[in-house]
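Q: let's see this in three dimensions:
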Amino acid sequence: MSYRATTTLLVGWAALLLLGGCNGDGEKGPALAKADEDGEIPSVPIPAENGPKLGAIAEVVPVLERPSPTGRQLGYLHAGALVARAEQPYSKQGCEGGWYPIRPRGFVCAGEAATTDLTHPTLAAMALAPKLEQPLPYTYATAHKETPIFERDAERENAVKEVGKLRRRSVIAVVGSWSALDPGGNMQRLALTTNGRFVRATDLEPSKGSTFQGVELSDKVDLPLAFIVKRGIRYWDVEKGEAEKLGPIEYHSIIPLTGRFRTVGPLKYWATPDNKYIRHRDATVVRKRNAWPNFAQGDQKWIDVSIVTGTAVMYEGRKALFVTLVSVGRDRLGDPQTSASTAQGSFEVVGKHITAAKLDPKSVEEHFDAYDVPYAVELSSGQLLHGASWHSRFGIERSEGNVQLSPADAQRVWQWAEPEVPSQWHGITQPAERRTIVHIRK
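A: Residues are numbered from 1 along each chain as shown. This is a model prediction of the structure:
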């Protein structure tokens, strides 16, 4: 069998298996397990890292606290993942293939969603693992026109059927390709998405994402800092109560400030270390805090998000570590129940996802779909902090209510925030004892 034929077979089987649970309304994959506190949690050895593996063959494979379909979910695996498991299943009650303890904790049912057969075709077709060392964990693409969404057509060889539409400007993650006949009988080169569906490759263009990123703070680089989020901004020379224009400042420049300022008429000018000035109204200024929430103690990790300024500062206790720009809800301080506003309050991180695989792609942006939103941090309010590869307007409100960061900044926050996502897991949904707090304020 040729390489092309083998690839076609593997990808086709991947689509069939991943999407076997889909219906016409776009429901996909196995439902996440319902929380259930009942039943004993077995104490089992942690499987060795170099031991036998269990492979995920569904889009979402729940990792449960105990070997029962009603066990509380700890996290989940994604199609193609290989995680270390015990040699033998703990039990087969409620799972014909057996409940396997996996590393570092929890149980997975070997059956329709996971397998111990490492030659399974879905594992080969979906073998492209997320690259957590990069600002975007997968290759992303943008649809330059409305385009069909396809699934494998089980009734025709080497063919696909249309199951939906992808709106213009929509963003997807691409993990492979396939050539197959479309419903009209034309051979098409197709891009494989992370949920096993396909989109015409000719209707896509690369989506690299913004290169903007925030600032690591230290003894040498500290607050206050200014971010430039407008175009056409200039430095100023301020002497003897008069201000004179100097050279231009590039969009998204980050400028250290001394903390000193001067006032000329009604306008305030901040001093820079090189004796230039910037107007307060031209910049987003992040100052040192002089008042603290009661949880800002010891090494508690927390993130301070300001809706009005569109900024976020990462802290450990009262030590500022990192500062950047974010995009909050486009209706800013409105009612988050009735408008595209970001809810205020102090919320705990209750989940983390390499990509938000189960997030409704139509809920992220108003005019297009966003699949596989990268580096999503889930809050107890239901809101997300996540990466946005489709724009560079950080520091300006634009989201449906979530807090959007540049890809590099989302990766930075995701890696730092607690709890940690175990190796080979795609997400964690059960909070750990140590939880990062996200404080969202006016």
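Q: show me where this protein has its helices.
A: 3-18, 121-125, 407-416 (DSSP state H).
Q: average pLDDT across the shortest one?
A: By that I understand helix 121-125. Helix 121-125 comes out with an average pLDDT of 90.
Q: next one: stretch 423-435
A: On average, stretch 423-435 scores 87.
Q: start to end distance for it?
A: Stretch 423-435 stretches 19 Å from its first residue to its last (C-alpha to C-alpha, to the nearest Å).
Q: list the contacts of that stretch.
A: With C-beta atoms under 8 Å, 6 or more residues apart in numbering as the test, stretch 423-435 has contacts from 32, 60, 63, 65, 72-78, 81-84, 103, 130, 301, 348-355, 357, 378, 418-422. The way it works is simple: take the backbone N, C-alpha and C, and place the C-beta from them, glycine included.
Q: hmm, back to that, could you tell me the least trusted of the helices of the chain?
A: helix 3-18 - the lowest mean pLDDT of the helices of the chain, at a mean of 43.
Q: leaving out sequence neighbours, find the closest residue to residue 199.
A: Distance criterion C-beta to C-beta, 6 or more residues apart in numbering; nearest residue to residue 199, sequence neighbours excluded, is residue 191 at 5.1 Å.
Q: one more: residue 241?
A: In space, residue 241 comes closest to residue 264 once its chain neighbours are excluded; the distance is 6.0 Å by C-beta to C-beta, 6+ apart.
Q: how far away is the nearest residue to residue 110 once chain neighbours are set aside from residue 65?
A: With sequence-adjacent residues excluded and distances taken as C-beta to C-beta, 6+ apart, residue 110 is closest to residue 97, at 3.4 Å. Taking C-beta to C-beta, to the nearest Å as the measure, residue 97 falls 19 Å from residue 65.
Q: re the thing from before, my guess is the residue nearest to residue 110 meets residue 85, correct?
A: No - the pair residue 97 / residue 85 is not scored as a contact, 11.6 Å apart, by C-beta atoms under 8 Å.
Q: which one's more surrounded, the two?
A: residue 85 (24 against 18; other C-beta atoms under 10 Å).
Q: please name the bridge partners of that one.
A: Note on residue 85: beta-bridge partners residue 102, judged by DSSP bridges.
Q: that one and residue 114, how far apart?
A: Taking C-beta to C-beta, one finds residue 85 at 9 Å from residue 114.
Q: how about residue 437?
A: Residue 437 is 34 Å from residue 114, by C-beta to C-beta.
Q: who has more neighbours, those two?
A: residue 114 (26 against 21).
Q: which residues touch that one?
A: 54-58, 61, 77, 97, 100, 108.
Q: just the buried subset of the contacts of stretch 423-435, written out for ChimeraX, thanks.
A: Buried residues among those (16 or more other C-beta atoms under 10 Å), as a ChimeraX selection:
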select :60,63,65,72,73,74,75,76,77,78,81,82,83,84,103,130,301,349,350,351,352,353,354,355,357,378,418,419,421,422
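Q: one step back: intersection of neighbour lists for residue 85 and residue 114?
A: What both residue 85 and residue 114 touch, as defined by C-beta under 8 Å, 6+ apart, is the set 54, 100, 108.
Q: among those, who's most crowded?
A: When neighbours are counted by other C-beta under 10 Å, residue 54 leads the shared contacts of residue 85 and residue 114 with 29 neighbours.
Q: residues near residue 147, how many?
A: For residue 147, the neighbour count with other C-beta under 10 Å is 18.
Q: repeat that for residue 224.
A: Neighbourhood size, residue 224 [other C-beta under 10 Å]: 17.
Q: verify the contact between it and residue 260 for me.
A: No - with contact defined as C-beta under 8 Å, residue 224 does not count as touching residue 260 (10.0 Å).
Q: can I get the contacts of residue 114 in TSV including distance to residue 324 and pLDDT?
A: Shown next, in TSV, are the contacts of residue 114 (distance: C-beta to C-beta, whole Å; pLDDT from 0 to 100):
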residue	distance to residue 324	pLDDT
54	38	98
55	37	97
56	33	97
57	38	95
58	35	93
61	33	97
77	30	97
97	45	95
100	41	98
108	36	98
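Q: tell me which of the residues you listed fall in strands.
A: 54-56, 61, 77, 100, 108 (DSSP state E).
Q: what's the overlap in contacts for residue 224 and residue 260?
A: residue 270.
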